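Asks: Whatever this is, show me its structure:
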Amino acid sequence: MAVTESAPETAPAMPEAAGARATQENVGARAAHEGILRRQAARESAARTYARALPIVPVRARGLTIEGADGNRYLDCLSGAGTLALGHNHPVVLEAIRKVLDSGAPLQVLDLATPVKDAFTTELFRTLPPGLADHARVQFCGPAGTDAVEAALKLVRAATGRSGILAFAGAYHGMTAGALAASGGASDVRVARLPYPQDYRCPFGVGGEPGAELAARWTESILDDTKSGVPSPAGMILEPVQGEGGVIPARDDWMRRMREITSARSIPLIADEVQTGVGRTGAFWAVEHSGITPDVMVLSKAIGGSLPLAVVVYREDLDVWEPGAHAGTFRGNQLAMAAGAATLAYVRENGLAERAAALGTRMIAQLQCLADDFDCVGDVRGRGLMIGVELVDPEKPPSSPGGPSPAAPELAAAVQRECLRRGLIVELGGRNSSVVRLLPPLTISDEQASAVLNRLADAVAEVAKAHAGSAAEATRRTATGRTQMVGHAQVTEHAQGAEHTQRGERSG
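Replies: Reported below is the predicted structural model:
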């Protein structure tokens, strides 16, 4: 790849005593690091996830960089699963938090009005698509994105008097019951599952515009066929880019078709912008790429400026709730609102969405070299600074003639491990956890982007080399086994022939 990182300067020689002290400190730090990890494994739930693949203990962080308790430093392209739009401990965010702390203002106020909340709401409405901002209401929810999804589903059901929901294969909307029911792995009968178009693994085997058109026609057929088993639903929920589903951007023309289909049938359209929002995809909100205005937007992660915050923004004519119809004790987090307002303003005023679009385009183009150089890289895709690299097993036949090679989750996990060894934190996603995901902060510099790409390329090269060696060894063993089997068969055949001759001689 044509990306380079300048080599660090050579450190001056260290006196012997100082070197011994440094060695002792490193040993102590390593012991503390390992002790914390052991206690976590002994005390925490088996449901923990990131900690299994990323055995690090962060103690300091700034921007893209994390320092572990063992003294190792990492470039963080996980960013709190997309939460850290400005990276770790951005000065603007810290200043906003300190200002609230120093003011003596209450930190938790349920849903009471405060100057901090008013400033957040004002900044939020300033960034929304104009067609929604001019006639919108906002509901503050519990602090997680899944809470906002639950609120959105309750909202459209209350507004329409209907109960069913349209959702898409591969979707991820959270971990509570209602959000899981609308996610790709669920089987709730109240949720009708629709095809989400994609190019690499198109459900119709064609990809591109034809695949998106077939997906749209399927949706229309489901809704208009009186015998489809899907009555008129309360709403449709979709992600403009499926993140956990494998970094699959929706085509803009398909997004517009979904808007047309739902509008014509009075079905509220819910855009889940929990991970795609606040400049991540190269527009402030990912729906802006297609120019559509959804009826409901679900927002969390980056809107809290690294602290827990979630809201639902929706058309005012959907606001049919009675007081208390949806609530949450921790919907009044003042620190999160202050940090969120500062983050929204910084992204807007500094053009970070446009920066994400330009840098993301360059990074994806450079990562395409991996697909050209290594057969185990099946696809590189994304939008803005939401990037995915899908690992496949080229040694195995595709599931359909002419289709892509099977997903290789073991290779993706190996790439993640090799990245960590090189000081790079990445996430895995996709249907089979076979997609290496990059979610760097929007503040990442060109130099840092080059370092990320170099470390990822080195990790992929190492894994590809090891996989090729394993495949060659497997081929050699198979060939040897076949030779031995043929030899054994020949010996057996010769013995059987000799025995037959002897029998003939005896019978004669």
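
Asks: who touches the residue nearest to residue 153 when sequence neighbours are not counted in this structure?
Replies: Counting by Cβ to Cβ, 6 or more residues apart in numbering, the nearest residue to residue 153 once its immediate chain neighbours are dropped is residue 178, at 5.2 Å. Using the backbone N, CA and C atoms, a C-beta is placed for each residue, glycine as well. With contacts taken as Cβ atoms under 8 Å, 6 or more residues apart in numbering, residue 178 has the following neighbours: 149, 150, 153, 154.

Asks: neighbour-wise, which of these leads?
Replies: For the contacts of residue 178, neighbours were counted by other Cβ atoms under 10 Å; the highest total belongs to residue 149, with 29 neighbours.

Asks: my guess is that residue meets residue 182, correct?
Replies: Yes - in this structure residue 149 lies within contact range of residue 182 using Cβ atoms under 8 Å: 7.1 Å.

Asks: Common neighbours of those two, please.
Replies: Taking Cβ under 8 Å, 6+ apart as the contact criterion, the residues that touch both residue 149 and residue 182 are 173, 237.

Asks: Helix or strand: which one has the residue nearest to residue 153?
Replies: Residue 178 belongs to helix 177-181 when assigned by DSSP states H and E.

Asks: Check which helices and strands the next helix or strand after that helix is in contact with.
Replies: Next along the chain after helix 177-181, taking DSSP H and E as the criterion, comes strand 191-194. Using 3 or more Cβ pairs under 8 Å, 6 or more residues apart in numbering; DSSP states H and E as the contact test, the elements touching strand 191-194 are strand 165-168, helix 208-224.

Asks: closest to residue 120 out of these?
Replies: For those, the distance to residue 120 is smallest for strand 165-168, at 28.9 Å, taking Cβ to Cβ.

Asks: State the mean pLDDT of stretch 82-90.
Replies: Here stretch 82-90 scores 97 as its mean pLDDT.

Asks: just the helices and strands packed on strand 191-194: most buried one?
Replies: Relative to the other members of the helices and strands packed on strand 191-194, strand 165-168 carries the highest mean neighbour count by mean count of other Cβ atoms under 10 Å, namely a mean of 25.

Asks: which helices and strands sit right next to that strand?
Replies: Taking 3+ Cβ pairs under 8 Å, 6+ apart as contact, the helices and strands that strand 165-168 lies on are strand 191-194, strand 235-238.

Asks: let's see 10 Å
Replies: Using 3 or more Cβ pairs under 10 Å, 6 or more residues apart in numbering; DSSP states H and E as the contact criterion, the secondary-structure elements in contact with strand 165-168 are helix 145-160, helix 177-181, strand 191-194, helix 208-224, strand 235-238, helix 252-264, strand 269-272.

Asks: Just tell me which of the ones you listed ends up closest to residue 420.
Replies: Here helix 145-160 is closest among these (Cβ to Cβ), at 26.0 Å.

Asks: Help me confirm that residue 440 is found in a strand?
Replies: No - according to DSSP: H, G, I helix; E, B strand; the rest coil, the state of residue 440 is coil, so it is not within a strand.

Asks: picking that back up, with distance to residue 305 and mean pLDDT added, can I get the helices and strands packed on strand 191-194 in a markdown table?
Replies: Rendered in a markdown table, the data for these read as follows (distance: least, Cβ to Cβ, whole Å; pLDDT from 0 to 100):
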| stretch | distance to residue 305 | mean pLDDT |
| --- | --- | --- |
| strand 165-168 | 29 | 94 |
| helix 208-224 | 35 | 95 |
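
Asks: okay, these in a markdown table with distance to residue 119 next?
Replies: Compiled in a markdown table, the helices and strands packed on strand 191-194 are given as follows (distance: least, Cβ to Cβ, whole Å):
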| stretch | distance to residue 119 |
| --- | --- |
| strand 165-168 | 34 |
| helix 208-224 | 40 |
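
Asks: Out of the ones you listed, flag the one nearest residue 317.
Replies: Nearest of the helices and strands packed on strand 191-194 to residue 317, taken as Cβ to Cβ: strand 165-168 at 19.5 Å.

Asks: ok, back up a step: farthest pair in the contacts of residue 178?
Replies: Every pair in the contacts of residue 178 was compared (Cβ to Cβ); the two farthest apart turn out to be 149 and 154, at 9.7 Å.

Asks: list the residues that contact both of the two?
Replies: With contacts defined as Cβ atoms under 10 Å, 6 or more residues apart in numbering, the residues adjacent to both residue 149 and residue 154 are 178, 312.

Asks: if I look at residue 169, how far off is residue 242?
Replies: Separation of residue 169 from residue 242 (Cβ to Cβ, to the nearest Å) stands at 9 Å.

Asks: Equivalent analysis for residue 217, please.
Replies: 20 Å.

Asks: and the strand or helix carrying residue 81, what does it pack onto?
Replies: Counting by DSSP H and E, the element that carries residue 81 is helix 79-82. Using 3+ Cβ pairs under 10 Å, 6+ apart, the elements in contact with helix 79-82 are strand 427-429, strand 435-438.

Asks: closest to residue 385 out of those strands?
Replies: Nearest to residue 385 among these is strand 435-438; the distance by Cβ to Cβ comes to 7.3 Å.

Asks: tell me what the closest one is packed against?
Replies: Against strand 435-438 (3+ Cβ pairs under 10 Å, 6+ apart) you get helix 79-82, helix 352-373, strand 377-383, strand 386-391, helix 409-421, strand 427-429, helix 446-507.

Asks: averaging pLDDT over each of the ones you listed, which comes out lowest?
Replies: The weakest mean pLDDT among the helices and strands packed on strand 435-438 belongs to helix 446-507, with a mean of 67.

Asks: which of the helices and strands packed on strand 165-168 has the lowest average pLDDT?
Replies: Of all the helices and strands packed on strand 165-168, helix 177-181 carries the lowest average pLDDT, namely a mean of 80.

Asks: which residues sit in contact with residue 280?
Replies: Contact partners of residue 280, counting by Cβ under 10 Å, 6+ apart, are 79, 82, 85, 241, 243, 273, 286, 301-302, 347, 352-353, 356, 360, 383-386, 439, 441-442.

Asks: Okay, it and residue 86: tell me how far apart.
Replies: Distance from residue 280 to residue 86, by Cβ to Cβ: 12 Å.

Asks: any residues in contact with both of those two?
Replies: Common contact partners of residue 280 and residue 86 (Cβ under 10 Å, 6+ apart): 79, 302, 347, 352, 441, 442.

Asks: Format those as CSV; extra columns: neighbour count and distance to residue 102.
Replies: CSV is the format used below for the shared contacts of residue 280 and residue 86 (neighbours: other Cβ atoms under 10 Å; distance: Cβ to Cβ, whole Å):
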residue, neighbour count, distance to residue 102
79, 26, 28
302, 29, 25
347, 24, 25
352, 24, 27
441, 25, 26
442, 27, 27
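
Asks: Pick the one among these closest to residue 371.
Replies: For these, the minimum distance to residue 371 (Cβ to Cβ) is 24.2 Å, reached by residue 79.

Asks: There's contact between the closest one and residue 301 in this structure, I believe.
Replies: Yes - with contact defined as Cβ atoms under 10 Å, residue 79 counts as touching residue 301 (9.3 Å).

Asks: Show me the common contact partners of those two, please.
Replies: The contact lists of residue 79 and residue 301 share 85, 280, 439, where a contact means Cβ under 10 Å, 6+ apart.
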